[in-house]
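K.L.:
the following comprises the amino acid sequence and a computationally predicted model.
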Amino acid sequence: MAYQWVATRLTTGEQICDLNDLIVDEVADTIGRYEMVNAYLPISTAPPEWERATMEGATAYWLLKDNPGGGQPLIIWGGYIVTEQRDETDLVTLSLSTFPGYLDARSTGTRNYTATDQNLIVSDLIENCVATGPNGGIPIRVEIVTPDSVTTRDHSYADQDDKTVYSALQDAMNWQGGPEWWIGGEWDGQLIKPVLYVGDRLGTAAGTLAPNAVFDMPGNCTSFKRVRSFGSGKGANAVMAYSSGQGDTRPQSPVQYAADPERPTFEYRWTPSTSILDIGTLTGDAQAALANMQNGARSLSMVAAADQPETPDYLVDWVLGDDVGYAIGTPSRWRDTFTGSFTDDFGVPNYVGTVPAFPNGFEGTARVIGMKLTLGNTRTLTPVLAGGDLEA
């Protein structure tokens, strides 16, 4: 399928021009954080509007792809120009950030919420602190993907804390059962505008059903990488959450710990938010962090040929937050001639592994938290999976 780059005005979403010869090796996106991308525009073949289309802090770039269902192209990725660099060469060098980076340039000011749905807190921060401003904001809309949420919060932000919206939204994801968010793009007539999706959970859980998308090797994947880490900030079995205080006192949770017969104590202390005063809230946040950290960080990335029909299509077959299936080195099993089963006389599976690192195979279902798309002659798509369900 054909891909296309388009430049728009950051303040309105109005298209400036197509960027047919823009050079971008790879784009990436992740739930709840911003990603940086490098781009290069050859001046000799650039459109007449190229100087406006390379203005830093004023221009958004969108990667579009033909829609298999017809109609307007799919908006695969969006970001805005942070840095523009020119030298003696024919290339304008650009540094792009996904839109969560803009949230780090906007402050919360003073805002107070009492028994307010957590998704509405996020919505209010975007609508009043990002979409508007002394010089205007960006034309961003909020879509709550779990409108039946019943998770309410009491929370406050103080102007003197100089907290950015990005920091506030990252803190919110650390709350126990906190909201997840991601910024994509949408068409508004001929305009292209960012939209922030927020909910108690993004994407679709597979539940008892088979996932809609499966990545496998052998199969549609050419390579993979599974990473486990118990490094700083990634693994811990004793966790404490604290908030800001005065003098020798500060609100903090009791240490939450998980028994681990194989590891010594690994401690982690952090501030889910500087404005939390309730010890129960801090304790819940510590418990949530412990659940995520007690087995360390686990991730799996699988590289598939983006243009192959057997590869699940991003934004068509899966989106960020979805559960997808993975099957690495799934063994070939032979059926017992007499019993018709795939086990021997002792009930042990008969396997012939296909990947040395996983002689018995590695398969299951996990959430997609990020994606990478390379844009060279051979395009590849990498879903990044993470979570405690990557047990093998």
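P.N.:
Done, it's in.

K.L.:
okay, buried residues for stretch 77-84 please.
P.N.:
Going by neighbour count (16 or more other Cβ atoms under 10 Å), the buried part of stretch 77-84 is 77, 78, 79, 80, 81, 82, 84. Bear in mind the C-beta positions are built from the backbone N, C-alpha and C, glycine included.

K.L.:
my guess is the last one meets residue 51, correct?
P.N.:
No - taking Cβ atoms under 8 Å as the contact criterion, residue 84 and residue 51 are not neighbours in contact, 9.7 Å apart.

K.L.:
taking the buried residues of stretch 77-84 one by one, which sit in strands?
P.N.:
Per DSSP state E, strands hold the following members of the buried residues of stretch 77-84: 77, 78, 79, 80, 81, 82, 84.

K.L.:
I'd like those residues written out as JSON lines, with distance to residue 317 and pLDDT added.
P.N.:
Output for these, formatted as JSON lines (distance: Cβ to Cβ, whole Å; pLDDT from 0 to 100):
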{"residue": "77", "distance to residue 317": "17", "pLDDT": "98"}
{"residue": "78", "distance to residue 317": "20", "pLDDT": "98"}
{"residue": "79", "distance to residue 317": "23", "pLDDT": "98"}
{"residue": "80", "distance to residue 317": "28", "pLDDT": "98"}
{"residue": "81", "distance to residue 317": "31", "pLDDT": "98"}
{"residue": "82", "distance to residue 317": "32", "pLDDT": "98"}
{"residue": "84", "distance to residue 317": "36", "pLDDT": "98"}
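
K.L.:
related to what we said a few turns ago, take the buried residues of stretch 77-84 and write them to TSV, including distance to residue 310.
P.N.:
Below are the buried residues of stretch 77-84 laid out as TSV (distance: Cβ to Cβ, whole Å):
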residue	distance to residue 310
77	23
78	27
79	29
80	34
81	36
82	37
84	40
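
K.L.:
wait, which of those residues is closest to residue 167?
P.N.:
Using Cβ to Cβ, residue 82 is the member of the buried residues of stretch 77-84 that lies nearest residue 167, at 17.9 Å.

K.L.:
that closest one touches residue 93, doesn't it?
P.N.:
No - using Cβ under 8 Å, residue 82 is not in contact with residue 93, being 11.6 Å away.

K.L.:
secondary structure element for residue 123, which one?
P.N.:
helix 118-129 (DSSP states H and E).

K.L.:
contact partners for residue 110?
P.N.:
156, 157, 158, 159 (Cβ atoms under 8 Å, 6 or more residues apart in numbering).

K.L.:
which of these count as buried?
P.N.:
residue 157.

K.L.:
which helix in the protein has the most residues?
P.N.:
helix 279-293 (DSSP state H).

K.L.:
how about the CA coordinates for that one, as CSV?
P.N.:
These are the backbone C-alpha positions of helix 279-293, laid out as CSV (Å, rounded to 0.1, in the frame of the first residue of the first chain):
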residue,chain,number,x,y,z
ILE,A,279,-2.0,7.4,52.8
GLY,A,280,-4.6,4.9,51.5
THR,A,281,-4.2,6.3,48.0
LEU,A,282,-0.4,6.1,48.2
THR,A,283,-0.7,2.5,49.5
GLY,A,284,-2.9,1.6,46.6
ASP,A,285,-0.4,3.2,44.1
ALA,A,286,2.5,1.2,45.7
GLN,A,287,0.5,-2.0,45.5
ALA,A,288,-0.2,-1.3,41.8
ALA,A,289,3.5,-0.6,41.2
LEU,A,290,4.6,-3.8,43.0
ALA,A,291,2.3,-5.9,40.9
ASN,A,292,4.0,-4.5,37.8
MET,A,293,7.6,-4.7,39.1
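
K.L.:
packing partners for that helix?
P.N.:
helix 165-174, strand 238-241, strand 256-257, strand 267-270 (3 or more Cβ pairs under 8 Å, 6 or more residues apart in numbering; DSSP states H and E).

K.L.:
which parts of whichever helix or strand comes after it are buried?
P.N.:
Next in sequence after helix 279-293, counting helices and strands by DSSP H and E, comes strand 297-305. For strand 297-305, a neighbour-count test (16+ other Cβ under 10 Å) marks 297, 298, 299, 300, 301, 302, 303, 304 as buried.

K.L.:
tell me how many other residues crowd residue 52.
P.N.:
Using other Cβ atoms under 10 Å, residue 52 has 14 other residues around it.

K.L.:
I'd like to know how many residues surround the nearest residue to it once chain neighbours are set aside.
P.N.:
Nearest residue to residue 52 in three dimensions, chain neighbours excluded: residue 16, at 5.9 Å (Cβ to Cβ, 6 or more residues apart in numbering). Around residue 16 there are 20 other residues, counting by other Cβ under 10 Å.

K.L.:
where does residue 16 land in three-state SS?
P.N.:
Under DSSP: H, G, I helix; E, B strand; the rest coil, residue 16 falls in the strand class.

K.L.:
got the contact list for it?
P.N.:
Per Cβ under 8 Å, 6+ apart, neighbours of residue 16: 7, 8, 9, 49, 52, 53, 59.

K.L.:
the third one: what's it in contact with?
P.N.:
Residue 9 is in contact with 16, 58, 59, 60, counting by Cβ under 8 Å, 6+ apart.
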